[in-house]
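**Q** Requesting a structural model of the entry that follows:
(one chain, ligands or ions: 1)
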Amino acid sequence: MEPAAPPVWVVGGTGYSGLEAVRLLGRHPGFRLAHVIASPGAGERDLSGIDPLFAPGAIRSVPLSPNLLEEPPAAALLALPDDAAAGLAADLLERGVRVVDLSGAFRIREASHYPAHCGFEHPKPALLAEAVYGLSEWQRQHIASARLVANPGCYPTATLLALLPLERAGLIDPQSPVVVDGKSGATGAGRRLEAAYLFAEANENCRPYSVLDHRHAPEIAQALGFGPERPVWFAPHVLPLSRGLMTTLYLRLRRGVGGPDITAALSGSYRSSPFVRLLGEQKWPEIRGVVRTNRCDIGWTVANGAAVVVSAIDNLMKGAAGQAIQNLNLMFGREETEGLPS
Ligand SMILES: NC(=O)c1ccc[n+]([C@@H]2O[C@H](COP(=O)([O-])OP(=O)(O)OC[C@H]3O[C@@H](n4cnc5c(N)ncnc54)[C@H](OP(=O)(O)O)[C@@H]3O)[C@@H](O)[C@H]2O)c1
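**A** Here you go, the predicted model:
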C-alpha cells in the first residue's frame, strides 16, 4: 500500500501563479492539497470567485494566520511577494516544512549580481546561502535533497534552458555580451492595478520595460557563472497575451563553431529531459505551442559566427507553478513529470 500523500500548502494561492499551482496540486496523485492561503487581511474566499475554472465551493482560500503554523504541512509552495516569502520561508523551515519559493527572495546569492540601484541586504542571509536554485533540468540531485528551493524566474528559465548547454560546451565567445530579447504575456507581472496593464493600454500593443535594468539579468548572469566583465543585455517586453513567454538570444560564437556544435550541445544536455523539446535548426517555437504545458520549446540557427536561439515557455507553468511542482516531485522522489502536462 502506498503511504498517505504528503500534505502541501500553496501560499499566495489566489494570485496568478498560485492559482496554477492549486489547479495542478488539486489533481496530483502524489500530494494532498492541504490549504490554499492568501494574504493575512483577506477573508476566506471561494476560488471560483477568482477563477471560474474552479468549480463553485470546491476549493477555498484562508488568510495566513499564526494558528495555521501549528499544523505544518510536509511542503509549501510560496507564490508571494519577495519580502513576505523570505519571512514565511524561515518560519516554515524551522517547523520542518520543505519549501519551494516562487519569488525572487532566494535566487540571487551574491551582492555583485544584484542591480546596483537595489542595494543588497538580504533578510535571511543563512537561508540565501542554503537555497538550491531550482532549474529542474540542471539541478536534479541538489533539488532532491533540498529543504529550500528557489524556483527560477520565468525569463531566466526560458533563457537558461537555451543558453546553459552552449555556455557549458564553451561555444559562446566570452568577449561578447549575451543579448536576450524577452517577451511575456501580462500575467508575468502578477495581478496588479497599474495603468500599463489595463486592457486598453496593453491590447494590440508591445511595450518594452526595465530595459538593461531588470532583476532577471543578474539572475541569468549568476546561473551562467558570468562576472561583471560578461554582461547579459536583457530587454523584456509585454505582449497583449494573458500567458506565454518567448526569449530570443543573440550570441557571438567562438571561431569555428557551427550549427552541428549547437545541435550536439543541446541534444546532449536534454536527452533525459521530457519537458525540453528541441525543434531543430531553423525550426522556431511559438508561444501557442507551449501554453498550459510545462514544456520549453527551443529552435536555433547559425550564420556568420553568430547564433540566434529562441525558446518559449508558459510563464505560469514552466516559468512558475509547473516548474515548482516538477521540483516538488524531485524533492519527494516522485516521477519528475507526475501531475504535469507536457
Ligand atoms: N506571474 C508570473 O509569471 C511569475 C513567474 C515566476 C515567478 N513569479 C513570482 O511568484 C510570486 C507570485 O507572483 P504572482 O504573479 O502569482 O503574483 P500575484 O498574482 O500578484 O499574487 C500574489 C499572491 O500573494 C498573496 N499576498 C500578497 N501579499 C501577501 C502577504 N504579505 N502575505 C501573504 N500573502 C500575500 C496574494 O494574496 P491576496 O489575493 O490575498 O492579495 C496573492 O495570492 C512573485 O514573487 C513573482 O515574482 C511570478
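**Q** that's a strand at Gly43, yeah?
**A** No - going by DSSP: H, G, I helix; E, B strand; the rest coil, the assignment for Gly43 is coil, not a strand.
**Q** Verify the contact between it and Arg60 for me.
**A** No - with contact defined as CB atoms under 8 Å, Gly43 does not count as touching Arg60 (10.0 Å). C-betas here are computed from N, CA, C, even on glycine.
**Q** Give the full set of residues in contact with the closest residue to the ligand within the chain.
**A** In the chain, the residue that lies nearest the ligand is Gly15 (1.8 Å; CB to the nearest ligand atom). By CB atoms under 8 Å, 6 or more residues apart in numbering, the residues touching Gly15 are Ala79, Leu80, Gly190, Arg191.
**Q** ok, so what distance separates it from Leu24?
**A** 14 Å (CB to CB, to the nearest Å).
**Q** And Leu92, by the same measure?
**A** Using CB to CB, Leu92 is found at 20 Å from Leu24.
**Q** next one: Glu71
**A** Counting by CB to CB - Glu71 and Leu24 are separated by 23 Å.
**Q** Between the two, which has more neighbouring residues?
**A** More crowded of Glu71 and Leu24, by other CB atoms under 10 Å: Leu24, with 24 against 10.
**Q** Tell me the secondary structure at that one.
**A** Under three-state DSSP, Leu24 comes out as helix.
**Q** What pLDDT does the model give it?
**A** With respect to pLDDT, Leu24 scores 98.
**Q** Contact partners for it?
**A** Each residue near Leu24 by CB under 8 Å, 6+ apart is listed here: Ala321, Gly322, Ile325, Gly339, Leu340.
**Q** mind listing the helices for the stretch 51-200 of the chain?
**A** Secondary structure of the stretch 51-200 of the chain (DSSP state H, counting those that start in this stretch): helices located at 82-94, 125-130, 140-145, 154-168, 199-202.
**Q** So which residues make contact with the second one?
**A** With CB under 8 Å, 6+ apart as the test, helix 125-130 has contacts from Ala86, Ala89, Ala90, Leu93, Phe106, Arg109, His122, Arg147, Leu148.
**Q** Dump those into CSV; add neighbour count and distance to His216 as well.
**A** CSV is the format used below for the contacts of helix 125-130 (neighbours: other CB atoms under 10 Å; distance: CB to CB, whole Å):
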residue, neighbour count, distance to His216
Ala86, 21, 18
Ala89, 27, 20
Ala90, 15, 24
Leu93, 17, 25
Phe106, 27, 15
Arg109, 17, 15
His122, 17, 18
Arg147, 17, 25
Leu148, 23, 20
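**Q** Just the closest of the residues you listed to Glu229, please.
**A** Closest to Glu229 out of the contacts of helix 125-130 is Arg109 (18.5 Å), distances taken as CB to CB.
**Q** Tally up the residues packed near the residue lying closest to the closest one once chain neighbours are set aside, please.
**A** Excluding its sequence neighbours, the residue lying closest to Arg109 (CB to CB, 6 or more residues apart in numbering) is Leu128, at 6.1 Å. Close neighbours of Leu128, defined as other CB under 10 Å, add up to 18.
**Q** pLDDT wise, what is Leu128 at?
**A** pLDDT, Leu128: 92.
**Q** same deal with Ala84?
**A** 94.
**Q** repeat for Ser342
**A** pLDDT recorded at Ser342 is 87.
**Q** Enumerate every residue touching it.
**A** Applying CB under 8 Å, 6+ apart to Ser342 gives the contacts Pro274, Phe275, Thr293, Asn294, Arg295.
**Q** do the same with His142
**A** Going by CB under 8 Å, 6+ apart, His142 touches Val132.
**Q** how does it look with 10 Å?
**A** If you count contacts by CB atoms under 10 Å, 6 or more residues apart in numbering, His142 has them with Val132, Tyr133, Gly134, Val149, Leu330.
**Q** now for those, which pair is the farthest apart?
**A** Longest span within the contacts of His142, CB to CB: Tyr133 and Leu330, 13.1 Å.
**Q** Between those two, which contacts overlap?
**A** Gln139, His142, Ile143, Ala146, Val149.
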